[in-house]
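S.K.: Generate a structure from the sequence data that follows.
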Amino acid sequence: METILVVDDEKNYLLVLSAVLEEEGYEVLTTVSGVEALEIQKSSDIDLVLTDMKMPGMDGIELLERIKERDPDLPVILMTAHGTVDKAVEAMQKGAYTYVLKPFDNERLILYVKKAMSIFQVVKENRRLRSVVESQYRFGSIIGKSKPIRDVFDTIQKVAPSNASVLIEGESGTGKELVAKAIHFNSPRRDQPFVAVNCSALAQSLLESELFGHEKGAFTGAISSKKGRFELAHGGTLFLDEIGELSANLQVKLLRVLQEKVFERVGGTRSITVDIRVIAATNKNLQAEMQAGRFREDLFYRLDVVHIVIPPLRERREDIRLLVDHFIAKYAAERKLSAPVKGVTQDVDRLFYEYSWPGNVRELENVIERAMILCPTAIISDRDLPKGFRSNVANALDLEGIPAGAKLYDTLEMVERMMIQRALKLSDNVQSHAAELLGIGKSGLSQKIKKYNLEVGPKS
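M.R.: Sure, this is the predicted structure:
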């Protein structure tokens, strides 16, 4: 139910307006002073303010100005007598939605209220969507506590306020587009478009039209003019994923846009100027591509003003448990299950830690989503994992890597130390949990921790 705040020092008007507006289905709050109105605005979710112009103390115009300082979009309708119409016009110049003359026509007043309310509902929905987007993509929501991912956070924070081009490097599934969006939504361009293009998803002939647009008749099937992604991203950010797949011809055209901010549509002669920030991503080694003559050196250095390397999941294993908890919470909330999955068994924890994750975070998310669909209980076990997952877990100990002259006792101590460190990491340094994972007693674990001089947390 939408809420209207009515402000008038004449109590009869408050009674009349309350009755009229409540009959239309609105919740009505009333007060006789501007000062009290501001207190109500601070503590309540108001959708419209209907205020008298002439009141003792704070008048309608001052109240309007104070309201707009707090919420520039909140609609305010002023009520005024004939003698203060000039003041009402002044108020509209300061942001009032409209004004009505006293004594007012009820139907006309309701019409104004409904129109102002409908506009504000659109504003509120846009605020909600923007809040969701910003919450989803701000760098604080990229899950991880490991040193490599904290380094990524730090770079995002530093580069976001600038207009510098960014080159993001990482394997498939590591979250390159997520990082690009985090940069955009923490930048001054956050209210402008974020436009993404996968350079490997289209044939190079189609990609040119997709990037730069085309004019009517530029090629067979071009029955009308079309804006390209560069134009659509004007004022915002253009994300070029898999930039290493660009043809030599498109590399030249992209270089020109980066240098001059100007391009022409396919089949066109008119130069179009754009204001964009370019973020590119690749899972290739572009320096190796340059040496092989497949990627232009000048384009590389235009794109690589700031370089971000996203570590593969196998290099930040301490983040796996955080990601697992995040994805379980995400899909539990989406499906609103009556008996949602709440966690994984210790065995699954161990398997996840030992697995190499060639598909990175994307693969982990898919495994969790699948397991939550198939899991008959509140805890995911290895029976809910993809077929053969356990057999694909790499052997943590590389026997071939042990020197031929290594002594058995020294090697066993090395393995024991590694297993204790892994168990402590999996259990967030809680010794009782680590002892369970290792299948030994807490006192035995405590002695081994002292023996190897390991840093740990609480015993239980």
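S.K.: Could you name the residue of this protein that is farthest from its center?
M.R.: Farthest-out residue of the chain from its mean C-alpha position, per Cα atoms, centre = their mean: Gly405, at 52.7 Å.
S.K.: quick one: the strands in the chain?
M.R.: Applying DSSP state E to the chain gives strands spanning 3-7, 27-31, 48-52, 76-80, 98-101, 166-169, 194-198, 237-241, 262-263, 272-273, 277-282, 306-309, 343-344, 379-380.
S.K.: Just the residues contacting the first one, thanks.
M.R.: The reference is to strand 3-7. 13-14, 17-18, 21, 26-34, 37, 40-41, 44-52, 55, 60, 63, 113 (Cβ atoms under 8 Å, 6 or more residues apart in numbering). For glycine as for every other residue, the C-beta is placed from the backbone atoms N, C-alpha and C.
S.K.: in stretch 43-56, what's buried?
M.R.: Across stretch 43-56, burial judged by 16 or more other Cβ atoms under 10 Å covers 46-55.
S.K.: re the thing from before, quick one: which of the strands of the chain is nearest Arg350?
M.R.: strand 343-344 (9.9 Å; Cβ to Cβ).
S.K.: quick one: average confidence on stretch 436-448?
M.R.: Across stretch 436-448, the average pLDDT comes to 79.
S.K.: in that stretch, what's buried?
M.R.: Of all the residues in stretch 436-448, those buried under the rule 16+ other Cβ under 10 Å are 436-438, 445, 448.
S.K.: Dihedrals phi and psi, Ala222?
M.R.: Recorded main-chain torsions at Ala222 are phi -80, psi 80, according to degrees, to the nearest 10.
S.K.: List the residues that contact the closest residue to it other than its chain neighbours.
M.R.: The shortest distance from Ala222 to any non-neighbouring residue, by Cβ to Cβ, 6 or more residues apart in numbering, is to His214 (5.3 Å). For His214, the contacting residues are 222, 225-226, 228, 265-268, by Cβ under 8 Å, 6+ apart.
S.K.: For PyMOL, what selects the buried ones among those?
M.R.: Here is the PyMOL command that picks out the buried ones among these, judged by 16+ other Cβ under 10 Å:
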select buried, resi 226+228+265+266+267+268
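S.K.: Closest one to Leu254 out of the contacts of His214, please.
M.R.: For the contacts of His214, the nearest to Leu254 is Gly228 (11.9 Å; Cβ to Cβ).
S.K.: Spit out the contact partners of the residue lying closest to the closest one once chain neighbours are set aside.
M.R.: In space, and not counting its chain neighbours, Gly228 is closest to Gly213: 3.2 Å by Cβ to Cβ, 6+ apart. By Cβ under 8 Å, 6+ apart, the contact set of Gly213 is 225-228, 230-231, 265-266, 268.
S.K.: repeat that for 6 Å
M.R.: With contact set as Cβ atoms under 6 Å, 6 or more residues apart in numbering, Gly213 has these partners: 226-228, 231, 265.
S.K.: now, among those, which is nearest to Leu303?
M.R.: Closest to Leu303, out of all of the contacts of Gly213 and judged by Cβ to Cβ, is Gly228, at 18.6 Å.
S.K.: Next one, pLDDT for that closest one please.
M.R.: 90.
S.K.: same check, this time on Thr273
M.R.: On the pLDDT scale, Thr273 gets 92.
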